[in-house]
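> give me a model of this one.
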Amino acid sequence: FCDKWRAWMRVCVCSGNMSVLVNGCPTEEINIKCGLKQGDPLAPHLFLLVVEGLGALMRKAVEI
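So this is what the prediction gives:
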């Protein structure tokens, strides 16, 4: 993948802020450094990309 596409994915996965409600009041924002949020629509697509790459590596290893 090109550098621009990888940079977009990095921003989607490795950025964001959140806060937690404690007794109905939000806490200070927490910086999310890495990972997908629960229910993120990008998660299944990233999973498929990784699994396809892993499958290709495994097929190549079997051929050797």
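
> list the neighbouring strands of the worst-scoring helix or strand of the chain on mean pLDDT plus their orientation.
When the helices and strands of the chain are scored by mean pLDDT, DSSP states H and E, strand 17-18 comes last with a mean of 76. The pairing partners recorded for strand 17-18 under DSSP bridges are strand 30-31 (antiparallel).

> residues making contact with the helix or strand just after the strand it pairs with?
Counting by DSSP states H and E, the element after strand 30-31 in chain order, helix or strand, is helix 43-63. Contacts with helix 43-63, where a contact means CB atoms under 8 Å, 6 or more residues apart in numbering, come from 9, 13, 36. Just so you know, the C-beta spots here come from the backbone N, C-alpha and C atoms, and that holds for glycine as well.

> below-threshold pLDDT in this protein: ranges please.
By pLDDT under 70, the low-scoring segments of the chain are 15, 34-35.

> about what we covered before: which among the contacts of helix 43-63 count as buried?
Using 16 or more other CB atoms under 10 Å as the burial test, the contacts of helix 43-63 include 13, 36 as buried.

> so can I have JSON lines of the contacts of helix 43-63 showing distance to residue 46?
Shown next, in JSON lines, are these (distance: CB to CB, whole Å):
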{"residue": "9", "distance to residue 46": "8"}
{"residue": "13", "distance to residue 46": "7"}
{"residue": "36", "distance to residue 46": "7"}
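
> quick revisit: so which elements touch the next helix or strand after the least confident helix or strand of the chain?
As assigned by DSSP H and E, the chain's next helix or strand after strand 17-18 is strand 21-22. Of the remaining helices and strands, none touches strand 21-22 by 3 or more CB pairs under 8 Å, 6 or more residues apart in numbering; DSSP states H and E.
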